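Asker: Provide a 3D model corresponding to the input given below.
(one chain, ligands or ions: 3)
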Amino acid sequence: MAELLVILPTRAAVLLLFFATVSGSTGPGSRESRGSSRIPSQFSEEERVAMKEALKGAIRIPTVSFSHEESNTTALAEFGEYIRKAFPTVFHSNLIQHEVVGKYSHLLTVRGSDPSLQPYMLMAHFDVVPASEEGWEVPPFSGLEQNGFIHGRGALDNKNSVMAVLQALELLLIRKYSPKRPFFIALGHDEEVSGTKGAQQISALLQTRGVQLAFLVDEGSFILEDFIPNLKKPFAMISVTEKGALDLMLQVNMTPGHSSAPPKETSIGILSAAVSRLEQTPMPNMFGNGPLKKTLKLLANEFSFPTNIILGNLWLFRPIVSRVMERNPITNALVRTTTALTMFNAGIKVNVIPPLAQATVNFRIHPSQTVHEVVELVQNIVADDRVQLHVLRSFEPLPVSPSDDQAMGYQLLQQTIQSVFPEVKIIVPGICIGNTDTRHYVNLTNGLYRFNPVFLKPQDFSSVHGINEKISVESYQNQVKFIFELIQNADTYSKPVPHQHEL
Ligand SMILES: CCCCCCCC/C=C\CCCCCCCC(=O)N[C@@H](CC(C)C)C(=O)O
Ligand SMILES: [Zn+2]
Ligand SMILES: [Zn+2]
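Answerer: Residues are numbered from 1 along each chain as shown. Ligands and ions are numbered 1, 2, ... in the order given. So this is what the prediction gives:
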């Protein structure tokens with residue numbers, strides 16, 4: 001920390017100088033560069049091959065986060081070397097300042113030719129969850145291509161995004177594109193274990209520099225297919241909020257003794273009953289609050305009779321819809337705070353009355369509840385003073401980012417989806433049921449959007465953190481195309497004139 005404070009003023013000065021020296025530079029930003037004229041997103045066969053080979057190489061580096069304390073630091077460092085070699089134009093451009101933050105994360109500051117425009121940020125992470133070879137069709141760190149798919153841990157979560165962002169920028173710079181609007185690229189190395197060393201440090205650094213972002217884009221949602229029965233068409237869901245989280249440890253202490261003369265209840269029995277009550281008593285259904293109403297209203301027109309009428313008239317059919325949503329684990333997660341019993345430890349020997357029993361419960365908090373409210377609900381459900389509650393970690397749900405026609409980030413994503421994926425006719429705001437690094441950036445912008453331009457089916461969702469994670473070569477190339485277009489769209493964006501309301 002002390003080191004950070006000492007170097008910050010120097011870095012801030014370098015950055016100011018960097019933003020102030022737009023004219024007179026050489027290379028891609030020089031006078032002979034193409035400026036901000038539109039460059040078509042067409043790539044040669046050679047470039048397409050290079051793109052997919054670069055992603056395969058990234059997957060082969062086992063950048064595993066095992067826990068807060070343990071990660072493969074050799075691989076994290078190797079990944080840093082790898083991206084420098086894979087994208088030489090990016091890392092040698094004098095339009096771009098590259099900094100390593102928190103030892104392994106990367107922050108790229110891309111100068112815009114018009115520094116008066118507010119910058120935005122593209123985010124992704126390159127650490128991955130562990131993967132043993134069991135159950136995989138190909139080894140998880142092989143990056144093998146089979147039947148048009150690139151296989152491996154990180155193919156969807158989230159090396160695809162890291163590589164696509166850098167790849168798109170590399171291709172733009174090779175074509176002498178000079179961005180007009182400044183932007184940042186933040187690549188985290190510890191998202192899978194909370195992002196405190198990567199994203200949180202990058203955010204702190206940007207805050208000391210007084211940066212305010214127009215918006216940011218991170219992982220957390222997709223173009224969804226087959227997630228809703230009777231809705232055959234794919235729809236793009238841009239998550240505008242994210243659930244909060246609470247890890248609660250429940251603990252019961254008892255005096256140990258000989259198992260031949262057991263007490264009426266043991267710590268294990270008391271704790272089991274408590275966690276069972278929690279599992280059997282779901283948190284209240286919060287359907288009707290938050291952005292889900294708008295999501296369903298926009299989806300309503302895509303259904304046939306009578307679903308279209310039901311979803312279009314939630315004022316009347318709310319109880320039915322909320323009950324239907326409870327039936328499936330994913331839609332259930334959208335309507336309430338979820339309760340997952342994830343760890344249970346107790347007992348030391350078969351003939352000893354257990355002194356201590358501990359269970360950990362992972363709650364994902366609905367955007368219209370708070371950590372405090374959930375802890376109170378838990379106390380009431382457990383209703384046993386012998387069970388102690390310890391908050392291990394918690395954070396509130398994230399604010400809801402705007403999705404109206406004045407919301408630049410949302411509109412740019414929408415516009416880019418429409419041009420790159422013309423077959424996707426439905427675009428809706430949504431809730432991210434998992435957590436992302438975006439929560440570390442709430443002080444920098446109110447435009448936090450989570451969207452990966454990749455088609456996802458329920459079975460693909462299971463492969464994320466599961467087995468046989470893969471991305472099709474075509475999907476990955478479209479992801480590069482999407483970023484290539486998004487960067488250019490950000491340079492030509494102009495806010496629509498607000499509607500005049502009659503008095
Ligand atoms: C009516 C609409 C249907 C909506 C269906 C929604 C389908 C869900 C699709 C995608 C959700 C992806 C969520 C991915 C983000 C999760 C990343 C992650 O695992 N983060 C960790 C972070 C933790 C701090 C370590 C987590 O546990 O959440
Ligand atoms: Zn992820
Ligand atoms: Zn993940």
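Asker: Just to be sure, Leu246 is in a strand?
Answerer: Yes. Under DSSP: H, G, I helix; E, B strand; the rest coil, Leu246 falls within a strand.
Asker: For it, give me its contacts.
Answerer: When contacts are counted by C-beta atoms under 8 Å, 6 or more residues apart in numbering, Leu246 touches 362-363, 365, 371, 374-375, 391, 393-394. Just so you know, the C-beta spots here come from the backbone N, C-alpha and C atoms, and that holds for glycine as well.
Asker: of those, closest to Ser239?
Answerer: Ile365 (15.1 Å; C-beta to C-beta).
Asker: So what sits opposite the closest one in the bridge?
Answerer: Beta bridges link Ile365 to Gly244, judged by DSSP bridges.
Asker: For the residue of the stretch 1-150 of the chain found nearest ligand 2, name its beta-bridge partners.
Answerer: Closest to ligand 2 within the stretch 1-150 of the chain is His125: 5.7 Å, counting by C-beta to the ion. Beta bridges link His125 to Gly188, judged by DSSP bridges.
Asker: buried subset of the contacts of Leu246?
Answerer: 362-363, 365, 371, 374-375, 394 (16 or more other C-beta atoms under 10 Å).
Asker: now the residues you listed as TSV including secondary structure and pLDDT?
Answerer: Shown next, in TSV, are those (DSSP: H, G, I helix; E, B strand; the rest coil; pLDDT from 0 to 100):
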residue	secondary structure	pLDDT
Asn362	strand	98
Phe363	strand	98
Ile365	strand	98
Val371	helix	98
Val374	helix	98
Val375	helix	98
Ser394	strand	97
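Asker: Do a quick rundown of the strands in the stretch 1-150 of the chain.
Answerer: 96-101, 105-110, 120-125, 145-146, 149-151 (DSSP state E, counting those that start in this stretch).
Asker: tell me which residues in the helix or strand encompassing Thr342 are buried?
Answerer: Following DSSP states H and E, one finds Thr342 within strand 338-346. Residues of strand 338-346 classed as buried: 338-339, 346 (neighbour count, 16+ other C-beta under 10 Å).
Asker: Kindly report the same for stretch 88-102.
Answerer: For stretch 88-102, by 16+ other C-beta under 10 Å, it's 89-91, 93, 95-98, 101-102.
Asker: State the number of residues packed around the residue of the stretch 201-350 of the chain found nearest ligand 2.
Answerer: Proximity of the stretch 201-350 of the chain to ligand 2 (C-beta to the ion) peaks at Glu219, 4.9 Å away. For Glu219, the count of nearby residues is 26 (other C-beta atoms under 10 Å).
Asker: what's the closest non-adjacent residue to it?
Answerer: Asn158 (4.9 Å; C-beta to C-beta, 6 or more residues apart in numbering).
Asker: wait, doesn't the one you found sit right on Leu122?
Answerer: No. Using C-beta atoms under 8 Å as the test, Asn158 is too far from Leu122 to be in contact (12.0 Å).
Asker: Tyr449 contacts Val400, correct?
Answerer: No. Contact criterion C-beta under 8 Å: Tyr449 and Val400 do not qualify, at 11.3 Å.
Asker: So between these two, which is more surrounded?
Answerer: Using other C-beta under 10 Å as the criterion, Tyr449 and Val400 rank with Tyr449 on top: 26 against 18.
Asker: tell me the mean pLDDT over the host helix or strand of the more buried one?
Answerer: Using DSSP H and E, Tyr449 maps to strand 448-450. The average pLDDT for strand 448-450 rounds to 98.
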